[in-house]
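> Sequence unavailable; structure follows:
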């Protein structure tokens, strides 16, 4: 297949990945190459070879992957996609890159955005989750505490349709549906 990756994906697995992601076969191979490059050095800076099944620590992605380095949600993104408490295997990484790809649908992106912003993993975005999101978007010194509280209160006032002081996924999805740029800004180019 002309795969320059040091670990070729067999045809059946490549087909399965294509069926489960928003990627073409060529894009999947490219994602594998990125994953392998991330695993080329260990914490001591020594060269090593990444096993296809190996899981890499979250900090490898948050410090070495150009597409994540400056993202204020990089740790949350890795946590949401990790199936092993912070480490990411190739399939976790492929899932993450697929959701953030241009081909991913708006509803898939909204679902993962909700999970990323749900810092306490309770299935709702409450005021604390919103403040955490605002702080990450504005930076540590972007808004004063009063201003962050005001913004979070305004979001809840506008989007909390059932008055329970938190946003369900349905309420969040309703807000996202009115944001035409969401799909274009919630992506990573590979």
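Everything's here; your move. Predicted, not measured: the structure shown is a model, and the values here were computed from it.
> In the lowest-mean-pLDDT helix or strand in the chain, which residues are buried?
Least confident helix or strand, the chain: helix 182-185 with a mean of 89, by mean pLDDT, DSSP states H and E. Neighbour counts over helix 182-185 (16 or more other C-beta atoms under 10 Å) mark 182-183 as buried. C-betas here are computed from N, CA, C, even on glycine.
> outside of it, which residues touch it?
The contact list for helix 182-185, computed with C-beta atoms under 8 Å, 6 or more residues apart in numbering, reads 106, 109-110, 113, 176.
> do that again at 7 Å, thanks
With C-beta atoms under 7 Å, 6 or more residues apart in numbering as the test, helix 182-185 has contacts from 106, 109, 176.
> Off-centre distance for it?
Helix 182-185 has its C-alpha centroid displaced from the chain centroid by 13 Å (C-alpha atoms, centre = their mean, to the nearest Å).
> For the protein, which segments count as helices?
Under the criterion DSSP state H, the chain carries helices at the ranges 11-20, 25-38, 58-64, 66-69, 74-81, 90-99, 106-117, 127-138, 145-159, 169-177, 182-185.
> Show me which residues of the fifth one are buried.
Taking 16+ other C-beta under 10 Å as the basis for neighbour counts, the residues of helix 74-81 that come out buried are 74-81.
> So the residue nearest the centre of the chain versus residue 83, what's the distance?
For the chain, residue 77 is the residue whose C-alpha lies nearest the centre (C-alpha atoms, centre = their mean; 3.6 Å). According to C-beta to C-beta, to the nearest Å, residue 77 stands 14 Å off from residue 83.
> Isn't residue 190 up against residue 96?
No - contact between residue 190 and residue 96 fails when scored by C-beta atoms under 7 Å: they sit 10.9 Å apart.
> If you count surrounding residues, which of the two has more?
Between residue 190 and residue 96, counting by other C-beta atoms under 10 Å, residue 96 is the more crowded of the two (21 against 15).
> need the contact list for the nearest residue to that one once chain neighbours are set aside.
Closest residue to residue 96 apart from its sequence neighbours, by C-beta to C-beta, 6 or more residues apart in numbering: residue 81 at 4.1 Å. Counting by C-beta under 7 Å, 6+ apart, residue 81 touches 88, 92, 95-96.
> what about residue 22, distance to residue 174?
From residue 22 over to residue 174 the distance is 24 Å, taken as C-beta to C-beta.
> rewinding a little: quick one: pLDDT of the residue nearest to the centre of the chain?
pLDDT for residue 77: 96.
> mind listing what it touches?
For residue 77, the contact set (C-beta under 7 Å, 6+ apart) comprises 68, 71, 96, 116.
> repeat for residue 30
Counting by C-beta under 7 Å, 6+ apart, residue 30 has contacts residue 190.
> Roughly how far does it sit from residue 65?
For residue 30, the distance to residue 65 - C-beta to C-beta - is 14 Å.
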